[in-house]
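Sequence and computational prediction follow.
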Amino acid sequence: MKGGGQLSKISLKNICKKYEENEDYSVKDFSIDIKENEFIVFVGPSGCGKSTSLRMIAGLEDITSGELYIDGKLSNDLAPKDRNIAMVFQSYALYPHLSVYDNIGFGLKIRKLDKKIIDEKVRSTAEILSLTNYLNRKPKDLSGGQRQRVALGRAIVKESDIFLMDEPLSNLDAKLRVEMREEIVNLKNKLGSTVIYVTHDQTEAMTMATRIVCLNDGIIQQIGSPRELYTNPINAFVAGFLGSPAMNFINGEVKSGAFYDDKGNKILSGISLEDRPLTLGIRPEALELSNSEGLPFSVNLIELLGSDYNISGKLFGNKIILKCDLEKNPRDKGELFVKIPREKTYFFDRDSGDRIFIGESYED
């Protein structure tokens, strides 16, 4: 299949998972075709089914219904060891009494490969991960980032062309997470592997993925590139989950071409929608700060984040967050005002959450 580009590396067809003790499905009707060399990220809140989906691909969870194909082969009942998949978990799961060298080569030793072959594979893997100087150390003598690289090395040395990663960076501090994100993407590009990566961190999803699968309550909400999900979210859940700070939402209704919040305050004019209850969405960075005109903005908190500010406050009692650069210098202003650019607004159905409108263009 290498270089073919036509067949899917992994295909999930209407996959469902239901545990006997649960009334509801943990994963429902999960379908996706994953091409060779893709970096797919499953993202969503805790309990949304992303790790369960990953474990079904790995063979660590039984599939209740649906079909899983790996390299075109029906794999529902294929043993995990026969799926040519390497998995990296949230916990490093290193053997504390073994050296880095022996941890990386442990799986090869179990397979009873020739010692010379094991040595070549371990050392070449260590070089890829900048671990050559640490091969004789024990895990307790390593930093968190180094331990995670050893865990990656144990997966790489298997020479699988599919990597499954279940929140591998969640135990690292913020700085290390940024560094390891870059390392994992570079590693994936160097190896030419297909990666399926699970995280609840939308920043990881946005920065690493070629495509994102956004899940909620075991159901796929939207699949697409990070840019597509950010700029063209299919519903309020996706719009609110992706983006930092999260999208602002104001409940209200359209009346005679204007949007009013639930307290009857006029928020936006010139809306080409029929009169109905709606939810307005606007991203924090799309709001415009002013000291003289616009809607009155009551500030609660100003956070300096280095290159910009996050300003939390209320617009007629509606909680919103505004993001602006340092040049605005909101600390020097008295009463503040905000403008809502109509072309950057989203409207969602109040009941279903489905997006019905972006800016001034209707969407089918």
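Perfect, I can see it now.

any idea how far stretch 47-60 is from the chain center?
Between the centre of stretch 47-60 and the centre of its chain there are 15 Å (CA atoms, centre = their mean, to the nearest Å).

wait, I meant stretch 164-177
Counting by CA atoms, centre = their mean, stretch 164-177 comes out at 12 Å from the chain centroid.

for stretch 274-283, same thing?
For stretch 274-283, the distance to the chain centre is 26 Å (CA atoms, centre = their mean).

If you count neighbours, what's buried in that stretch?
278-283 (16 or more other CB atoms under 10 Å). In this view, the C-beta of every residue, glycine as well, is placed from N, C-alpha and C.

Stretch 183-192 too?
183-185, 187-188, 191.

Stretch 94-113 too?
By neighbour count on 16+ other CB under 10 Å, the buried set for stretch 94-113 is 94, 99-108.

Make sure residue 343 is indeed in a strand.
No: counting by DSSP: H, G, I helix; E, B strand; the rest coil, one finds residue 343 to be helix, located in no strand.

ok, the nearest residue to it once chain neighbours are set aside to residue 239 distance?
Nearest non-adjacent residue to residue 343, counting by CB to CB, 6 or more residues apart in numbering: residue 359, 4.2 Å away. Residue 359 is 13 Å from residue 239, where distance means CB to CB, to the nearest Å.

overlap in contacts of those two?
Taking CB atoms under 8 Å, 6 or more residues apart in numbering as the contact rule, residue 359 and residue 239 both touch residue 346.

Which pLDDT value goes with residue 90?
pLDDT for residue 90: 76.

Run a quick check on it versus residue 151, I expect a contact.
No: judged on CB atoms under 8 Å, residue 90 makes no contact with residue 151 at a distance of 9.8 Å.

So for the two, which residues contact both of them?
Common neighbours of residue 90 and residue 151 (CB under 8 Å, 6+ apart) are residue 168.

returning to that earlier point: neighbours around the residue nearest to residue 343, how many?
13 (other CB atoms under 10 Å).

any idea which helix or strand comes after the strand or helix carrying residue 279?
Using DSSP states H and E, residue 279 sits within strand 276-282. Per DSSP H and E, the first helix or strand lying C-terminal to strand 276-282 is strand 288-290.

coming back round to it: strand partners (parallel or antiparallel) of the strand holding residue 279?
strand 248-255 (antiparallel), strand 346-349 (antiparallel) (DSSP bridges).

pLDDT on the longest one, on average?
Average pLDDT, strand 248-255: 97.

chain center to that strand: distance?
Relative to its parent chain, strand 248-255 has a centroid offset of 28 Å by CA atoms, centre = their mean.

likewise the shortest one?
Taking CA atoms, centre = their mean, one finds the center of strand 346-349 at 23 Å from the center of the full chain.

From residue 55, how far off is residue 61?
Applying CB to CB to residue 61 and residue 55 gives a distance of 4 Å.

do the same with residue 138
29 Å.

Please enumerate the helices of the chain.
For the chain, helices defined by DSSP state H occupy the ranges 50-58, 100-110, 115-128, 144-156, 174-191, 202-208, 226-231, 236-241.

Could you tell me the angle between the third one and helix 144-156?
Helix 115-128 runs at 140 degrees relative to helix 144-156, counting by axes from the mean of the first three to the mean of the last three CA atoms, to 10 degrees.

now swap in the longest one and tell me
Orientation of helix 174-191 against helix 144-156 (the same axes, to 10 degrees) gives an angle of 20 degrees.

which secondary structure elements does helix 174-191 contact?
helix 144-156, strand 194-199, helix 202-208 (3 or more CB pairs under 8 Å, 6 or more residues apart in numbering; DSSP states H and E).

circling back to that earlier point, the more surrounded of residue 138 and residue 55?
residue 55 (19 against 16).

With distance to residue 314 and mean neighbour count added, can I get the strands paired with strand 276-282 in JSON lines?
Output for the strands paired with strand 276-282, formatted as JSON lines (distance: least, CB to CB, whole Å; neighbours: other CB atoms under 10 Å):
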{"stretch": "strand 248-255", "distance to residue 314": "11", "mean neighbour count": "19"}
{"stretch": "strand 346-349", "distance to residue 314": "20", "mean neighbour count": "22"}
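
can those strands go into a markdown table with extra columns for distance to residue 82?
Converted to a markdown table, the strands paired with strand 276-282 look like this (distance: least, CB to CB, whole Å):
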| stretch | distance to residue 82 |
| --- | --- |
| strand 248-255 | 47 |
| strand 346-349 | 45 |
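
most centrally placed residue in the chain?
residue 205 (2.9 Å; CA atoms, centre = their mean).

still on that earlier bit, now for the strands paired with strand 276-282, which one comes closest to residue 24?
Ranking these by proximity to residue 24 (CB to CB) places strand 346-349 first, at 23.4 Å.

Just the CA trace of the closest one, in CSV.
Taking C-alpha atoms only, strand 346-349 is exported to CSV below (Å, rounded to 0.1, in the frame of the first residue of the first chain):
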residue,chain,number,x,y,z
TYR,A,346,-22.2,32.9,13.7
PHE,A,347,-25.8,32.0,14.5
PHE,A,348,-27.0,28.7,15.9
ASP,A,349,-30.3,27.1,16.4
